[in-house]
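**Student:** The sequence isn't on hand, but the structure is:
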């Protein structure tokens, strides 16, 4: 009997309810009691031999002999609790340890007849061991008359077969959180199942369902077992689980502010993206997961994020998401001449306070070659803006003009010039505003100059509300 058989073998049961024994010398009959029981046997992993009473009469140790390969091993069997056995009742088994021994070729159960002889009641295996006599019988069992009960003949039953494991699964591919239903297709009637799903999870159900939570490729095995043995079917890389396509989303720590505005974006995409592509709406981009970006110009910006993994990609776009406004500049210098003088200005030629035209009560009038000039340091400021009101009157020819300049520490730079015939030559005041280049930033020598280039006292220029602003 092979160790790998691992199966239950049906023992042929031969039970004689009564036997009529005739004595030719004494001319009398004797009734012989033989137990009738359904016995089965299993050899498990080559280490133990179990004899089961599946139903019927009790097999008593005192009245029966168990031969294993022709050797009386009756006393070597134990109960399932490891105690010496006395009776093998229906529904129980007794066990013989085979450690260090070969699996038996035959097992016989022999009843010791009350007449002193013996009767084979069960047999297993290729070797058939004839019943042995335990002594000189007081009466000899003879073939009963044809009108009586026939003596049963011992036969060798055919052992059962172990399973041939097989299974299917559906579906075998899909995205993460994939639920697969497995179906046992094993033959030869397995009675227990052991599944491994390849992700560390197991099941003993016949037809289990299992959910794969992570992307990957999984090998699945089924071990199917019955009383006669077991078999394993392994399907390599049977289940393929892909990542779910990301659902892109994001947030920003601020969406409105003055320029320059630095915004930190946070990826909120689900389904485990592995790469990110941001566009910030101002021509700049990033591949960081959680980037920071500085907006240097005022405006309204649309932001997009494309999140990608092995399952695909998805894009989230937030329209007009970021609003950047111009900051309120600081006033570095302002003079509206409302105090009726031009203190702090350096003057030359004909300069005086005028009340008409004026934005408020007073302005400065320049005549002939009159000029006012003032240093206005912009130290600590950037984004310099200069604004003022300027006008002219009675400019008689192309050589006569009114001008505004700013000084960068080296050169005087023209801001505005009013010539003879220009619309601003109307004895009024007109507003002008200029954002200066970076050379005006943080400049201790920054200065302003307003002048007229005329030919007589009747030529006029006007200045009012001079303002210098910047960002600190």
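**Tutor:** Cool, got the structure. All of these numbers come straight from a predicted model, not from anything done at the bench. Numbering: from 1, shown residues only.
**Student:** CA atoms for contacts and neighbours, from now on please.
**Tutor:** Fine.
**Student:** Name every strand pairing with the helix or strand encompassing residue 370 and say which way it goes.
**Tutor:** Assigned by DSSP states H and E, residue 370 belongs to strand 363-375. Sheet pairing of strand 363-375 (DSSP bridges) gives strand 346-354 (antiparallel), strand 447-453 (antiparallel), strand 460-471 (antiparallel).
**Student:** Go ahead and measure how far the first one is from the middle of the chain.
**Tutor:** For strand 346-354, the separation from the chain centroid amounts to 79 Å (computed by C-alpha atoms, centre = their mean, to the nearest Å).
**Student:** Buried residues, that strand. List them.
**Tutor:** Of the residues in strand 346-354, 347, 350, 351, 352, 353, 354 count as buried by neighbour count, 16 or more other C-alpha atoms under 10 Å.
**Student:** Mind listing residues that contact stretch 409-418?
**Tutor:** Surrounding stretch 409-418, the residues in contact under the criterion C-alpha atoms under 8 Å, 6 or more residues apart in numbering are 391-392, 401-407, 424-425, 434, 443, 445-446.
**Student:** Tell me the pLDDT of residue 22.
**Tutor:** pLDDT recorded at residue 22 is 30.
**Student:** Could you do residue 136 as well?
**Tutor:** pLDDT at residue 136 comes out at 39.
**Student:** can you start the count at 733 instead of 1 from here on
**Tutor:** Fine by me, first position is 733 from now on; the one you just mentioned is residue 868.
**Student:** name the helices or strands packed onto whichever strand or helix holds residue 1025?
**Tutor:** Taking DSSP H and E as the criterion, residue 1025 maps to strand 1024-1027. The contact analysis (3 or more C-alpha pairs under 8 Å, 6 or more residues apart in numbering; DSSP states H and E) places strand 1024-1027 against strand 993-999.
**Student:** I'd like the average pLDDT over the strand it packs on.
**Tutor:** pLDDT averaged over strand 993-999 gives 98.
**Student:** helix or strand right after it?
**Tutor:** strand 1007-1011.
**Student:** Can you give the strand pairings for the following helix or strand past that following strand, parallel or anti for each?
**Tutor:** Heading C-terminal from strand 1007-1011, the first helix or strand you meet, by DSSP H and E, is strand 1017-1018. Sheet pairing of strand 1017-1018 (DSSP bridges) gives strand 1007-1011 (antiparallel).
**Student:** show me what contacts the residue lying closest to residue 831 once chain neighbours are set aside?
**Tutor:** Setting aside the residues directly before and after it, residue 831 is nearest to residue 779 in space (C-alpha to C-alpha, 6 or more residues apart in numbering), at 5.1 Å. Taking C-alpha under 8 Å, 6+ apart, we find residue 779 in contact with 829, 830, 831.
**Student:** possible to save the residues you listed as JSON lines with pLDDT and distance to residue 1038?
**Tutor:** JSON lines is the format used below for the contacts of residue 779 (pLDDT from 0 to 100; distance: C-alpha to C-alpha, whole Å):
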{"residue": "829", "pLDDT": "87", "distance to residue 1038": "68"}
{"residue": "830", "pLDDT": "82", "distance to residue 1038": "68"}
{"residue": "831", "pLDDT": "73", "distance to residue 1038": "67"}
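**Student:** Of the residues you listed, which is the nearest to residue 988?
**Tutor:** The shortest approach to residue 988 among those belongs to residue 831, at 82.5 Å (C-alpha to C-alpha).
**Student:** From the contacts of residue 779, which land in strands?
**Tutor:** Among the contacts of residue 779, the members found in strands (DSSP state E) are residue 829.
**Student:** Show the buried residues in the contacts of residue 779.
**Tutor:** residue 830.
**Student:** Closest one of the contacts of residue 779 to residue 844?
**Tutor:** Proximity of those to residue 844 (C-alpha to C-alpha) peaks at residue 829, which lies at 24.4 Å.
**Student:** Could you report the neighbour count for the closest residue to that closest one other than its chain neighbours?
**Tutor:** Counting by C-alpha to C-alpha, 6+ apart, residue 829 lies nearest to residue 780, which is 4.5 Å off, once chain neighbours are set aside. By other C-alpha atoms under 10 Å, 18 other residues sit near residue 780.
**Student:** so what's residue 780 scoring on pLDDT?
**Tutor:** 83.
**Student:** and it, bridged to which residues?
**Tutor:** Counting by DSSP bridges, residue 780 forms beta bridges with residue 776, residue 829.
**Student:** I'd assumed residue 832 was in contact with it.
**Tutor:** No: Residue 780 lies out of contact with residue 832 (C-alpha atoms under 8 Å); the separation is 10.5 Å.
**Student:** Can you get me a residue count around the nearest residue to residue 1157 once chain neighbours are set aside?
**Tutor:** Nearest residue to residue 1157 in three dimensions, chain neighbours excluded: residue 1124, at 4.5 Å (C-alpha to C-alpha, 6+ apart). Neighbourhood size, residue 1124 [other C-alpha under 10 Å]: 30.
**Student:** Can you give me the buried ones in the strand or helix carrying residue 1124?
**Tutor:** Under the criterion of DSSP H and E, residue 1124 resides in strand 1114-1125. Going by neighbour count (16+ other C-alpha under 10 Å), the buried part of strand 1114-1125 is 1114, 1115, 1116, 1117, 1118, 1119, 1120, 1121, 1122, 1123, 1124, 1125.
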